[in-house]
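Peer 1: I'd like to go over a predicted model; first the sequence, then the structure.
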Amino acid sequence: MKVTGVIQAGGRSERMGGRPKALIELGGRRIIERVLAALVPILDDVLVVTNTPELYGFLGLPMVGDVYPDHGSLGGIYSGLKAAAGQAAFTVACDMPFLHPDVVRLVASRAEDGDVVIPRVGTQLETMHAAYGKACLPHIAERLAAGQLKIVDFFARVRVVEIAEADVARYRDPHVAFMNVNTPDELERARALTAELG
């Protein structure tokens with residue numbers, strides 16, 4: 001099955017003072033470049049969902065805007081999945097500097113098994129590190145049209161396959177692999193982790 005990588009770079013970065021999180025440097029590389037490096041070896045192709053394509057032209061990737069502007073992460077998932085050349089879209093946030101290629105492979109390799117393939121860490125489903133199949137599109141569109149933007153709310157309508165925390169942990173501590181950089185404090189923690197991980 002062909003799986004397209006989709007990097008979500010549509011957020012406003014309000015907690016970072018409006019500075020695009022994806023472009024912050026960690027260990028000499030922008031966060032979005034770190035994300036891309038984890039996806040490229042595993043997936044068939046990669047695109048970026050963004051409403052500011054001028055910021056990401058240096059990546060040389062196809063870019064698409066939000067089909068439903070101001071509809072949050074669910075709108076971004078829809079836009080990326082709709083544009084994806086593959087039958088599924090492996091969707092990640094642009095501010096996850098410690099993605100691991102083997103964890104990407106773990107999720108993408110099971111994309112045929114369900115409409116949503118998603119890691120669970122404790123009670124948390126990692127909605128921004130998951131594979132979404134094209135069968136999700138009508139169910140997501142219905143939610144977006146109704147203004148119901150909680151990602152997991154459409155899961156009852158599709159086949160969901162969960163990846164266990166222990167399976168992720170074989171490759172990287174899940175709390176590191178799925179860490180987002182949303183705030184200045186998280187950025188400091190990410191800088192320390194970058195130094196530790198080399």
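Peer 2: Looks like it arrived, so ask away. Numbers count the residues shown, from 1 in each chain.

Peer 1: what's the helix or strand containing residue 35 in contact with?
Peer 2: According to DSSP states H and E, residue 35 maps onto helix 31-39. Residues from elsewhere that reach helix 31-39 (C-beta atoms under 8 Å, 6 or more residues apart in numbering): 5, 7, 9, 21-26, 29, 46, 56, 59, 61, 90, 92-101, 104, 181. Yep, even glycine has a C-beta here, placed from its N, CA and C like the rest.

Peer 1: Show me the helices in the chain, by range?
Peer 2: 31-39, 72-83, 101-108, 137-145, 165-169, 174-177, 184-197 (DSSP state H).

Peer 1: Could you list every helix and strand in contact with the fifth one?
Peer 2: Contact analysis of helix 165-169 by 3 or more C-beta pairs under 8 Å, 6 or more residues apart in numbering; DSSP states H and E lists helix 101-108, strand 116-121, helix 174-177 as its packing neighbours.

Peer 1: Now residue 85: closest residue in space, sequence neighbours ignored.
Peer 2: The shortest distance from residue 85 to any non-neighbouring residue, by C-beta to C-beta, 6 or more residues apart in numbering, is to residue 4 (5.4 Å).

Peer 1: typed the wrong thing, it's residue 102
Peer 2: Residue 102's closest residue in space is residue 171 (C-beta to C-beta, 6+ apart), at 4.2 Å.

Peer 1: Check whether the one you found really touches residue 100, as I assumed.
Peer 2: Yes. Residue 171 is within contact range of residue 100, at 5.0 Å (criterion: C-beta atoms under 8 Å).

Peer 1: anything in contact with each of those two?
Peer 2: With C-beta under 8 Å, 6+ apart, residue 171 and residue 100 have common neighbours residue 177.
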